[in-house]
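Q: fold the stuff below for me.
(one chain, ligands or ions: 1)
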Amino acid sequence: MSGFFSTPIEYLKGVGPQKADLLKLELKLFTYGDLIQFYPFRYEDRTRFYRIAELDESLPHVQLRGHIRAMETIGEKSKKRLVAYFTDGSGELELVWFQAQKWVARQLKPGVQYVVFGKPSRFGSKYSIAHPEIELLSPQSERTGYLQPVYTSTEKLKIRGLDSKGISRLQEQLLALALEHIHETLPASLLALYSLMDKREAMRQIHFPSGNEQLQKARYRLKFEELFYIQLRLLTLKLSRTEKYRGQVFNDPALLTRFYTDHLPFDLTGAQKRVIKEIYADVRSGRQMNRLLQGDVGSGKTIVAFISTLLALGSGAQAALMAPTEILATQHYQGLKPFAKKMGLTIALLTGSTKTKTRRQIHEALESGHLHILAGTHALLEDPVQFQNLGMAIIDEQHRFGVAQRARLWQKNREYPPHVLVMTATPIPRTLAMTLYGDLDISIIDELPAGRKPIKTVHRYDSHRLRVFGFMKEQIALGRQIYVVYPLIEESEKLDLKDLMDGYESIARAFPQPQYQISIVHGRQRPDEKEWEMQRFIKGETHIMVATTVIEVGVNVPNASVMVIENAERFGLAQLHQLRGRVGRGADQSYCILMSDVKLSKEARIRIETMVRTNNGFEIADIDLKLRGPGDITGTQQSGLMDMTIADLTKDGEILKLARQAAIDVLENDPELNSAQNSNIKRQVDAQTKEVVNWSKIS
Ligand SMILES: Nc1ncnc2c1ncn2[C@@H]1O[C@H](COP(=O)(O)OP(=O)(O)OP(=O)(O)O)[C@@H](O)[C@H]1O
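A: Prediction:
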């Protein structure tokens, strides 16, 4: 790729230093390459003029031609607005401007012919367009048959003449210069196989579409290319790791057989068996395992994790299990401990609050090989933690750790990297999994243990609290336990704590001692206090656990059958699903009660309705992705990967699948990209090897 696209933006005619500074500051556009990949976010349909009589609310933006019959300002104060009655002979509609009426009113003249552009909405039998674009009818504005690109701009840029149209003029100039420098980045075979538009044409069409069909083809091509290169990078990473890293071979089944015959507490589900087989095949293969284990809440990932540790331990290696929070790490430790004990294996817990003396003992036991399993938080990553031979690293909820930390765990072994099993607490949508974890193999537990009854979920307003308390009492009388959870949002921690304490007091009044016992757990407690309160609930000594979301993941008390979530509207979908997953873990009928105020935003209503409608974590994950977008779900840690210029994981799942398959096919036939037909790919990859983010980008 030539240096043309690295040319600073000020070199473009009509930009100059001041505008260039603004473009850099406001839109992060530094070079020709940045500008040309700054695509319109929508297009205005100037392909034809509509008649008012044919308007229909389903139409997006329409273009009309006519004149203003009369104008008036109506309403008071903040509701004040200018209304212009616009007619084209076939009917009449209202053009409406809020606030800026005087300025607009001065510009408009009744009787003169205008072109109006905007989104019509219907009130009763009349249509109106709020804040339309309006210009005098001229031979130029009368020209139809094109889609007008709309670019993001800002107030500061608009003042300097760089509104959407101004940016479009820059694109026009740049494109004229750039076309000869744009090279095809995909091989002819892929263009033909997937009917993709060529790159140069796609760049031209994306900025200046000659019609809707051409535009769709251009968008498709550019999305495909972007996703193809992301997948190619992930798959190359996977491939090079497979070649580079040999894995320890664990094929001594004696320990596993002993566990199966003497200590397995239940029959494994079909899905658990299948996943264990996949893991077993990996650790016998001689290659390093890098596998993502996905399962819905309560699907039984813990036992799969334990069996995986046994595979390593059976061949004399050690295992580590790392979790993102202290509570979760402790929970894992306590979940594994009874199994380990029965099997005569040693296990320890290492977190930020482990005392120095214990810590030192753990370090020694690890190095000498006396300690078999170490559970803990990111404290496991610290330098003094040295294993004699770490064979299996299980990471719960990886995206909170990030890829870099995962890599640090690998380095804990001198000779071979450990096999890595990543588990996520809730399912993640396929498109995200393919991108975030695209370098891992994926195993899915898509079956719940037999005999589970689906959790009944209801939505109740705060005014029904007494009825909810009554229901809780009935459940306690049946011998069940109950969670009551309050939101905790960090910025307002004090306020949240107050909510929690108020809630606790009202529950304590409604559920008096000694008949009822209540635990309370929140983030401000000391770890030992927290632990003591949790333990009382786990042992069944308390009936109700009032808590903030610290209990979100991993807590396992099968006797708890009711989950009451206060201010449910403040939780995200994944979190609600996780919290609900704390019940329904035993054979009893379980319930989840989502409490909220009557006022709900549209999104909050969708979230609550989704929860009431379905228990399926994979379905919930898809809706969550649509509501929040990928960046928000994954957090910032991996934003580099999510940094896409045109593809959108919430909508482009199908293209992603094809692009991944295309990348697989290319690498299968030509892993080094040495063949002549892949020279385009090779050139693109080589030019961009230093840029970690996105190979499809022009530079
Ligand atoms: N095959 C099975 N048959 C019966 N019970 C099972 C089976 N597998 C797991 N369980 C039980 O189901 C409950 C949930 O299992 P586990 O805690 O492993 O779930 P999980 O997948 O880790 O879910 P979460 O992420 O919600 O904690 C536990 O009480 C566990 O003992």
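Q: and residue 449, backbone torsions?
A: Reported as degrees, to the nearest 10, the phi and psi values for residue 449 are phi -50, psi 150.
Q: wait, it touches residue 271, no?
A: No: applying Cβ atoms under 8 Å as the test, residue 449 and residue 271 come out as separate, 9.8 Å apart. Yep, even glycine has a C-beta here, placed from its N, CA and C like the rest.
Q: need the residues touching each of those two.
A: residue 299 (Cβ atoms under 8 Å, 6 or more residues apart in numbering).
Q: get me the contact residues on the stretch 201-350 of the chain for the ligand.
A: 266, 268, 269, 272, 295, 297, 298, 299, 300, 301, 302, 303 (Cβ under 6 Å from any ligand atom).
Q: narrow these to those that are buried.
A: Buried by 16 or more other Cβ atoms under 10 Å: 268, 269, 272, 295, 297, 298, 299, 300, 301, 302, 303, out of these.
Q: pick out the most distant pair among the residues you listed.
A: Within these, 268 and 297 form the most distant pair, 17.8 Å apart (Cβ to Cβ).
Q: sorry, back to before: helices - which of the residues of the stretch 201-350 of the chain next to the ligand land there?
A: 272, 301, 302, 303 (DSSP state H).
Q: doesn't residue 41 make contact with residue 150?
A: Yes: under the criterion of Cβ under 8 Å, residue 150 makes contact with residue 41 at 6.3 Å.
Q: so for the two, which residue has more residues nearby?
A: Neighbour count, other Cβ atoms under 10 Å: between residue 150 and residue 41, residue 150 has more, with 17 against 10.
Q: ramachandran coordinates for that one?
A: Dihedral angles (degrees, to the nearest 10) for residue 150: phi -120, psi 120.
Q: and what of residue 70?
A: Torsion angles, degrees, to the nearest 10, at residue 70: phi -160, psi 160.
Q: with adjacent residues omitted, what lies nearest to it?
A: Ranked by Cβ to Cβ, 6 or more residues apart in numbering and with sequence neighbours excluded, the top spatial neighbour of residue 70 is residue 85, at 5.2 Å.
Q: now that we're looking at that neighbour, what pLDDT does it have?
A: On pLDDT, residue 85 comes in at 95.
Q: is it in a helix, a strand, or coil?
A: strand (DSSP: H, G, I helix; E, B strand; the rest coil).
Q: that one against residue 74, yeah?
A: No: judged on Cβ under 8 Å, residue 85 makes no contact with residue 74 at a distance of 11.8 Å.
Q: so which of those two has more stuff around it?
A: Taking neighbours as other Cβ under 10 Å, residue 85 and residue 74 compare with residue 85 leading, 16 against 11.
Q: give me the beta-bridge partners of the more buried one?
A: residue 70, residue 94 (DSSP bridges).
Q: picking up where we left off before, now render the residues of the stretch 201-350 of the chain next to the ligand as a markdown table, adding pLDDT.
A: Formatted as a markdown table, those follow (pLDDT from 0 to 100):
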| residue | pLDDT |
| --- | --- |
| 266 | 92 |
| 268 | 96 |
| 269 | 96 |
| 272 | 96 |
| 295 | 90 |
| 297 | 85 |
| 298 | 84 |
| 299 | 89 |
| 300 | 89 |
| 301 | 89 |
| 302 | 87 |
| 303 | 91 |
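Q: TSV for the residues you listed, including distance to residue 10?
A: As requested, those are exported to TSV (distance: Cβ to Cβ, whole Å):
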residue	distance to residue 10
266	69
268	65
269	63
272	61
295	54
297	54
298	58
299	57
300	60
301	55
302	59
303	62
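Q: any idea which of those residues is closest to residue 515?
A: Distances from residue 515 to those, taken by Cβ to Cβ, are shortest for residue 298, at 30.2 Å.
Q: list the contacts of the closest one.
A: If you count contacts by Cβ under 8 Å, 6+ apart, then residue 298 has 448, 449, 452, 581, 584, 585 around it.
Q: and it, how far from residue 622?
A: 19 Å (Cβ to Cβ, to the nearest Å).
Q: residue 362 sits in which helix or strand?
A: Using DSSP states H and E, residue 362 maps to helix 356-368.
Q: residues in the stretch 401-550 of the chain within reach of the ligand, list them.
A: So the stretch 401-550 of the chain meets the ligand at 425, 449 (Cβ under 6 Å from any ligand atom).
Q: pLDDT weak spots in the stretch 401-550 of the chain?
A: The model of the stretch 401-550 of the chain has pLDDT under 70 over residues 401-414, 489-497, 550.
Q: recalculate using a threshold of 90.
A: By pLDDT under 90, the low-scoring segments of the stretch 401-550 of the chain are 401-417, 423-441, 446-448, 450-453, 462, 486-506, 513-514, 520-535, 538, 547-550.
Q: lowest-scoring secondary structure element of this protein by mean pLDDT?
A: When the helices and strands of the chain are scored by mean pLDDT, DSSP states H and E, helix 639-642 comes last with a mean of 54.
Q: mind listing what's buried along whichever helix in the chain runs longest?
A: For the chain, the longest helix by residue count, based on DSSP H, is helix 212-244. Using 16+ other Cβ under 10 Å as the test for burial, helix 212-244 gives 214-215, 217-236, 238, 241.
Q: following that helix, which helix or strand comes up?
A: Trace forward from helix 212-244 with DSSP H and E and the next one is helix 254-262.
Q: check which helices and strands that next one sits against.
A: helix 301-314 (3 or more Cβ pairs under 8 Å, 6 or more residues apart in numbering; DSSP states H and E).
Q: if we use 10 Å, what do you get?
A: Contacting helix 254-262 under the criterion 3 or more Cβ pairs under 10 Å, 6 or more residues apart in numbering; DSSP states H and E are the following elements: helix 301-314, helix 326-342.
Q: sorry, back to before: the very next helix or strand once past the helix holding residue 362 vs the ligand: in contact?
A: Once the chain leaves helix 356-368, the next helix or strand it forms, by DSSP H and E, is strand 373-376. No: figure legend: strand 373-376 not in contact with the ligand (Cβ under 6 Å from any ligand atom); closest approach 13.6 Å.
Q: sheet partners, orientation included, of strand 373-376?
A: Using DSSP bridges, strand 373-376 pairs in its sheet with strand 318-322 (parallel), strand 347-350 (parallel).
Q: report the rounded mean pLDDT for it.
A: On average, the pLDDT along strand 373-376 is 95.
Q: sweet, I'm off.
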